[in-house]
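Undergrad: A predicted structure for the sequence below; I have some questions about it.
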Amino acid sequence: MFPSRILAMFPAVMQRAGFAAISYLGATGLAHAAEPQPWQLGLQPAAGSIAEKANDLHNMLLVIITLISLFVLALLVYTCLRFREGKNPTPSKTTHNTVIEVLWTVIPVVILVVIAVPSFKLLYYMDRTDETDMVVKVTGAQWYWTYEYPKEEIAFDSYMIAEEDIQPGQKRLLDVDNPLVVPEGTRIKLLVQANDVMHSFFMPALAVQVYTVAGRTNEAWIDIPMGEKTYYGQCNQICGINHAYMPIVIKAVSAEDYAKWVDDAREEFASVDRVETIKLAQAQ
Ligand SMILES: [Cu+2]
């Protein structure tokens, strides 16, 4: 979208424009949050159908890999004890055993096929869906995100809150000035691209990770479950010196709050500054 590209060139202006909307969001409070925890083991609790399926696949793989590791460990221990020099002074000269060779080829193949079936099922499931309720265009840039809502005609930049500006209750390195606000219980189509180098839109709790590449649009979708919640993610493609400082925040709110936010955001992000930045661009 032409105006948003111009807006992306003026992050400071956009940031200022966003402050009113932030204070509104701040006032509504954070009910729950999906974020990494200290000493966390395992994945973040799954949110949405993609994440639930991904968690199931992960749990299945964990069982399989544990069994394989234990089996290999047992074989190693047995071999070390049973065939040590003291117990087995004259080693066997056997070099081939057809039965064992067939077994150690066929069994791994069977295991891989067993893994491949649910794996491909999930890949196709998360690849695309026709049943999305709304579209958001996500653009990665050094080092912030731009979110555009084509239907709602909203576009804004999302910057991490600098350490010195952190307010009580805000998360260091994770909270942003303008989160991606979405209604709860929605399926959202993401059109993802980059403005400069490669970035990656990664939202662990939703189990969605898609690369942003300049000059091409990647498609993904996210399944926001019911419940007002804030989801935290990060760019996970090394993209330059401030790679660690472009977190992603998705804020799921009720349908009414979302409608209110849209009204607010249209005013805050669009009118005056957009006209001014277009004028500026034309003057150049
Ligand atoms: Cu990045």
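TA: Yep, that arrived.

Undergrad: Residues in contact with stretch 194-202: which ones?
TA: 8, 138-142, 145-146, 190, 192, 208-214, 220, 233-237, 239-240, 246, 248 (CB atoms under 8 Å, 6 or more residues apart in numbering). For glycine as for every other residue, the C-beta is placed from the backbone atoms N, C-alpha and C.

Undergrad: among these, which ones are buried?
TA: 8, 138-142, 145-146, 190, 192, 208, 210-213, 220, 233-237, 239, 246, 248 (16 or more other CB atoms under 10 Å).

Undergrad: So which elements touch whichever strand or helix holds residue 64?
TA: Using DSSP states H and E, residue 64 falls within helix 48-82. Helices and strands touching helix 48-82, by 3 or more CB pairs under 8 Å, 6 or more residues apart in numbering; DSSP states H and E, are helix 98-127, strand 218-224.

Undergrad: what does the model give residue 32 for pLDDT?
TA: For residue 32, the model assigns a pLDDT of 67.

Undergrad: can you count the residues close to residue 94?
TA: Residues near residue 94, counting by other CB atoms under 10 Å, number 7.

Undergrad: For whatever residue of the stretch 1-150 of the chain ends up closest to the ion, grab phi and psi.
TA: Closest contact between the stretch 1-150 of the chain and the ion, by CB to the ion, is at residue 140 (5.4 Å). Phi and psi for residue 140, reported as degrees, to the nearest 10, are phi -90, psi 140.

Undergrad: How about the residues of the stretch 51-200 of the chain by the ion?
TA: The stretch 51-200 of the chain has residues residue 199 near the ion, with proximity defined as CB under 5 Å from the ion.

Undergrad: Point me to the residue of the stretch 51-200 of the chain nearest the ion.
TA: Counting by CB to the ion, the stretch 51-200 of the chain gets nearest the ion through residue 199, at 3.3 Å.

Undergrad: Helices of the chain, start to end?
TA: Taking DSSP state H, the helices of the chain run over residues 2-8, 11-28, 48-82, 98-127, 255-265, 271-283.

Undergrad: Lowest average pLDDT across those?
TA: Minimum mean pLDDT among those: helix 11-28, a mean of 37.

Undergrad: What are the boundaries of the strands in the stretch 151-284 of the chain?
TA: 154-158, 180-183, 186-194, 199-203, 208-212, 218-224, 229-235, 247-253 (DSSP state E, counting those that start in this stretch).

Undergrad: Mind splitting the protein into its structural domains?
TA: 2-39+131-283, 48-127 (automatic domain parsing).

Undergrad: Single out the most deeply packed of those.
TA: With neighbours taken as mean count of other CB atoms under 10 Å, the domains of the chain reach their highest mean count in domain 2-39+131-283, at a mean of 17.

Undergrad: next one: that one to chain centre, how far?
TA: 12 Å (CA atoms, centre = their mean, to the nearest Å).

Undergrad: Stretch 118-127 now?
TA: 16 Å.

Undergrad: hmm, who's touching that stretch?
TA: 49-50, 53-54, 56-57, 60, 207-208, 220-221.

Undergrad: So which of the residues you listed is the closest to residue 174?
TA: Closest approach to residue 174 among these (CB to CB): residue 208, at 16.9 Å.

Undergrad: Residue 49 is in contact with that closest one, correct?
TA: No: contact criterion CB atoms under 8 Å: residue 208 and residue 49 do not qualify, at 11.4 Å.

Undergrad: what mean pLDDT does stretch 150-160 have?
TA: 91.

Undergrad: Can you give me the end-to-end span of that stretch?
TA: 23 Å (CA to CA, to the nearest Å).

Undergrad: low pLDDT regions in the stretch 151-284 of the chain?
TA: 270-284 (pLDDT under 70).

Undergrad: Try it again at 90.
TA: 151-153, 166, 169-170, 266-284 (pLDDT under 90).

Undergrad: No more questions from me, cheers.
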